[in-house]
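Fold the stuff below for me.
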Amino acid sequence: MHYRGHIHKNVYQKFLKSRNHAKMDRAALSAVFLLSADSRIWYQAKRQMDMGGLNFNELKIEGINPVQYTLLRAAQDLYEETQHISLADITDRDLVPEWMFRMLNDAITIRRFGVGARA
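Take a look at the predicted model:
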């Protein structure tokens, strides 16, 4: 798996251990993988998940940077099957840096095959 860094890896793995991820759907697991890459976004998302769900309309996006926006909307696309981020966006090197491109590929793989595919 390609993590944003050690903190991201620890946060995601801690989340997986704290929940019965075998019972979570792949869409949620892929979204959590992306959301947990940024502490500001993850703080909001985790609070919602602790209350029983994930509602992207409740997440505050004012003041976020382009990287945070891309992570948030890609996670939403994987979770809700929306279309905020296009394939053209993902392949645009100016919009999506190399580390994020690798993470998006991993998130897509988690969405399709589950966590074990990228363990």
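
ok, now how distant is I90 from Q44?
Counting by CB to CB, to the nearest Å, the separation of I90 from Q44 is 24 Å. From N, CA and C alone the C-beta is placed, and that goes for glycine too.

in the chain, which helix or strand is least confident?
Every helix and strand of the chain was ranked by mean pLDDT, DSSP states H and E. The lowest is helix 39-50, at a mean of 82.

Now it - C-alpha only, PDB.
Taking C-alpha atoms only, helix 39-50 is exported to PDB below (Å, rounded to 0.1, in the frame of the first residue of the first chain):
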ATOM      1  CA  SER A  39      -5.600  15.000   9.600                       C
ATOM      2  CA  ARG A  40      -8.100  17.800   9.100                       C
ATOM      3  CA  ILE A  41     -10.400  15.800   6.900                       C
ATOM      4  CA  TRP A  42     -10.000  12.600   9.000                       C
ATOM      5  CA  TYR A  43     -10.900  14.400  12.200                       C
ATOM      6  CA  GLN A  44     -14.300  15.300  10.800                       C
ATOM      7  CA  ALA A  45     -14.900  12.000   9.000                       C
ATOM      8  CA  LYS A  46     -13.900   9.900  12.000                       C
ATOM      9  CA  ARG A  47     -16.400  11.800  14.300                       C
ATOM     10  CA  GLN A  48     -19.200  11.000  11.800                       C
ATOM     11  CA  MET A  49     -18.200   7.300  11.600                       C
ATOM     12  CA  ASP A  50     -18.100   7.100  15.300                       C
END
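
Residues touching the following helix or strand past that helix, excluding its own?
Heading C-terminal from helix 39-50, the first helix or strand you meet, by DSSP states H and E, is helix 66-80. With CB atoms under 8 Å, 6 or more residues apart in numbering as the contact definition, helix 66-80 has outside contacts at 27-28, 30-32, 34-35, 37-38, 40-41, 45, 54, 56, 59, 61, 64, 82-85, 89-90, 95-97, 100, 104, 107-108, 111.
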